[in-house]
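Asks: Using only what follows, build the 3D model:
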Amino acid sequence: MKKLLVFAFVLFGLASQAQEISKNAIGIRIGDNDGFGTEINYQRGLGDNNRLEIGAQFNGNKNVSIFKGTGLYQWVWNIDGGFNWYAGVGGGLASVSFDYGDLPGGVDIDNDNDEIYVFAAGTAGIEYNFDFPLLLSLDVRPEFGFGDFRDDLGFDFALGIRYQFD
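Replies: Below you'll find the model as predicted:
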């Protein structure tokens, strides 16, 4: 029991020490918007409390495949220690391919199998910056699309895991 308590205090002590956000972070976001998807993304610090995030996302389901390129400008605020919250705005370009076979909800799209559309995006989330070069985040990214396939508001909830470096 004593060993367990000592281990818990050591782990808590390591987790509670603050570390500055690195200038660079690369990793993945795993989320769900128009089907389960994964985004490979990169964050670049632009100042003490702002950064640029760019990503390439692949997602879909059995009827739809989507590739998105996203760029976001983010502001970051410290909550306590290694905990931060952030918010930002941006947009991107998406390419969608779909199969007319069994689209759910009776979606009727013209005769093309592919479409390219633009979207505006926002982001808000919370992250934890560990003492070693790992950054975990949980965020929501509302996206408003401008196209036949996506002409409404969609929400992308995701877990991010990133490696930080200078």
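
Asks: where does the chain dip in pLDDT?
Replies: Where the chain drops to pLDDT under 70, the residues are 1-21, 33-35, 99-112, 149.

Asks: What is the burial count for Thr38?
Replies: Thr38: 15 surrounding residues under other C-beta atoms under 10 Å. No exception for glycine: its C-beta is placed from N, CA and C like everyone else's.

Asks: That one in helix, strand or coil?
Replies: Three-state assignment for Thr38 (DSSP: H, G, I helix; E, B strand; the rest coil): strand.

Asks: what helix or strand does the residue nearest to the spatial centre of the chain sit in?
Replies: Centroid check for the chain by C-alpha atoms, centre = their mean gives Arg29 as the closest residue, at 4.7 Å. If you go by DSSP states H and E, Arg29 is part of strand 24-32.

Asks: Could you list the residues in contact with that strand?
Replies: 37-45, 55, 57, 59, 135, 137, 139, 141, 156-166 (C-beta atoms under 8 Å, 6 or more residues apart in numbering).

Asks: Buried ones in stretch 80-88, by neighbour count?
Replies: Applying a neighbour-count criterion of 16 or more other C-beta atoms under 10 Å, the buried positions in stretch 80-88 are Gly82, Asn84, Tyr86, Gly88.

Asks: where do the strands sit along the chain?
Replies: 24-32, 36-45, 50-60, 64-80, 83-98, 114-129, 134-146, 153-165 (DSSP state E).

Asks: Relative to Asp148, how far out is Asp139?
Replies: 28 Å (C-beta to C-beta, to the nearest Å).
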